[in-house]
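In: sequence and predicted model, in that order:
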Amino acid sequence: MSLIGVLGGGQLGRMLALAGVPLGLRFRFFDPSPDAPAAALGQHVCAPYDDIASLTRFTDGLDVATYEFECVPTPTAAFVNGRGRLFPSPLALGVTQDRLVEKQFIRRLGLHTAAFAAVDDGDHLASVLVSVGLPAVMKRRRHGYDGRGQMVVRTAAEAEHAWVALGRQPVVVEGFVPFDRELSLVIVRGRSGETRAYPLVENHHRDGVLHWSLAPAPAIPAALQAEAELAAGCILNALDYTGVLTVEFFEHRGRLLVNEIAPRVHNSGHWTIEGAETSQFENHLRAILGLPLGSTAAIGCSILHNIIGALPDTATILAQPHTYLHVYGKAPRPGRKLGHVTTRVAEARDIGSRLLHMQRLFKTGSVRHDAARVRRAEEERAHTAAPADIGGAP
Ligand code: AMP
């Protein structure tokens with residue numbers, strides 16, 4: 001029975017364990033929080049990430065280690081890697097923890113991104129805004145996720161305000177992309193270098209937080225899926241990556257711009273638990289253990305709905321056909337991801353009505369499944385909300 005060590009004990013770790021236990025795997029989590037959602041599913045080493053004695057105890061007897069969030073301090077990852085095998089390698093953390101390093105890495109591979117430039121001190125802000133253009137998105141280089149630590153700005157005055165509001169810390173200033181939609185690709189690479197990609201997923205964010213996704217994304221030409229897989233393949237190879245990686249894209253006038261890379265299983269891949277032949281969690285475990293990868297084919301179409309801030313009535317959700325509830329065991333808090341619901345339909349044509357129905361249940365309004373309408377709403381939000389922080393709570 002292999003013992004898997006996981007740095008981080010959040011919901012992603014919990015779902016890794018839920019996928020791995022049927023394969024006969026055991027889990028040990030390292031997480032400084034006594035309330036870590038994954039703790040119920042394995043051993044829990046509860047200590048700060050720089051506690052060497054606890055890290056030593058964590059690594060003792062592991063077959064392989066992995067991480068479930070990208071803010072693991074790189075010295076911690078290097079220590080664990082030195083005492084065994086850590087997949088993905090710490091290199092992927094180093095690249096993705098800093099938005100500037102990440103964007104430069106993506107560009108070096110010849111892939112497209114929004115226009116961007118770094119600002120380290122406020123004096124250079126005005127000239128950077130001229131080169132990048134307005135509107136723009138100012139993002140803290142480090143520790144930003146779920147839209148936290150970033151602001152949309154339309155004028156130089158708003159940018160000055162944002163520079164102060166973001167703590168006068170190094171930021172990346174990106175051109176605002178009036179995207180047609182947001183897509184993500186979850187892909188897995190095995191130890192031998194073999195890769196398998198899931199179908200592209202269409203994602204809808206609110207306040208920078210993923211609210212719902214459609215999988216597979218509707219109306220994806222084969223060439224666009226191939227383009228996404230090619231881009232992700234370049235990233236995987238450059239990082240000599242093992243495990244699941246996610247690439248978030250903006251689709252803009254038929255082109256894909258890379259927004260972000262997540263070196264881990266991803267929220268937009270949760271539908272794979274019931275909606276794909278092999279879940280992203282199982283495929284990550286297969287990859288890091290050197291086992292054959294599983295099929296990434298979708299089974300019908302899935303709607304993924306995040307549960308944010310407050311839990312819905314369990315019975316109401318479970319009364320829905322082909323609907324699967326996942327509750328992460330976290331204390332409710334505004335803006336916090338507490339769980340998700342996946343609804344599966346057999347045919348793409350049934351998605352619109354099921355989506356409306358689920359959104360009524362979640363009281364998220366009646367946003368129709370209509371890419372143009374969603375795009376207009378996003379643009380309007382970005383313009384009316386600026387210069388507000390577009391982030392939510394974790
Ligand atoms: P991120 O933390 O970079 O994934 O950003 C969170 C969300 O903010 C994204 O999913 C987009 O909805 C929005 N966003 C981020 N960067 C940009 C950009 N350059 N242009 C337009 N929207 C953006």
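Out: Thanks, I have the structure now. Numbering: from 1, shown residues only.
In: how close does the most centrally placed residue in the chain sit to Thr342?
Out: Nearest residue to the geometric centre of the chain (C-alpha atoms, centre = their mean): His266, 4.1 Å. Taking C-beta to C-beta, to the nearest Å as the measure, His266 and Thr342 are separated by 14 Å. The C-beta positions use only the backbone N, C-alpha and C, and glycine is treated the same way.
In: please apply the same query to Pro37.
Out: 18 Å.
In: I'd like the next helix or strand past the longest helix belonging to the chain.
Out: If you go by DSSP state H, the chain has its longest helix at helix 222-238. Scanning forward in sequence from helix 222-238 by DSSP states H and E, the next helix or strand is strand 243-252.
In: hang on, Val95 packs against Ala262?
Out: No: with contacts defined as C-beta atoms under 8 Å, Val95 does not count as touching Ala262, sitting 11.4 Å away.
In: what residues does the protein have near the ligand?
Out: 114, 137, 144, 147, 174, 176-177, 182, 205, 208, 248, 259-260, 390 (C-beta under 6 Å from any ligand atom).
In: among the residues you listed, show me the least confident.
Out: Within the residues of the chain next to the ligand, Ile390 has the lowest pLDDT, namely 38.
In: is the residue of the stretch 251-394 of the chain found nearest the ligand within a helix or a strand, and which one?
Out: Residue nearest to the ligand within the stretch 251-394 of the chain (C-beta to the nearest ligand atom): Glu260, separated by 4.6 Å. Secondary-structure assignment from DSSP H and E places Glu260 in strand 255-262.
In: so what's Glu182 up against?
Out: Glu182 makes contact with 202-205, 248-251, 259 under the criterion C-beta atoms under 8 Å, 6 or more residues apart in numbering.
In: what about Gly167, neighbour count?
Out: 10 (other C-beta atoms under 10 Å).
In: so the residue located most distally from the centre of the chain versus Glu160, what's the distance?
Out: What lies farthest from the middle of the chain is Asp123; by C-alpha atoms, centre = their mean that is 33.0 Å. Relative to Glu160, Asp123 is positioned 11 Å away (C-beta to C-beta).
In: same deal with Pro170?
Out: Counting by C-beta to C-beta, the gap from Pro170 to Glu160 is 16 Å.
In: quick one: low-confidence parts of the protein?
Out: Scanning the chain for pLDDT under 70 picks out 145-146, 364-394.
In: for it, what spans make up the helices?
Out: Ranges of helices in the chain, per DSSP H, are 11-20, 52-59, 74-82, 90-96, 99-108, 125-132, 156-165, 222-238, 272-275, 280-288, 314-318, 351-361, 371-385.
In: which residues touch the third one?
Out: So the one you mean is helix 74-82. 5, 7, 49-50, 52, 55, 58-59, 65, 67, 86, 89-90, 93-94, 97.
In: redo that, cut-off 10 Å
Out: Residues from elsewhere that reach helix 74-82 (C-beta atoms under 10 Å, 6 or more residues apart in numbering): 5, 7, 30, 48-52, 55-56, 58-59, 62, 65-67, 70, 72-73, 86-94, 97.
In: show me which of these are buried.
Out: Neighbour-count burial (16 or more other C-beta atoms under 10 Å) applied to those gives 5, 7, 30, 49, 51, 55, 58-59, 62, 65-67, 70, 72, 86-94, 97.
In: show me the domain layout of the chain.
Out: Annotated domains of the chain cover 3-86, 115-175, 181-374 [automatic domain parsing].
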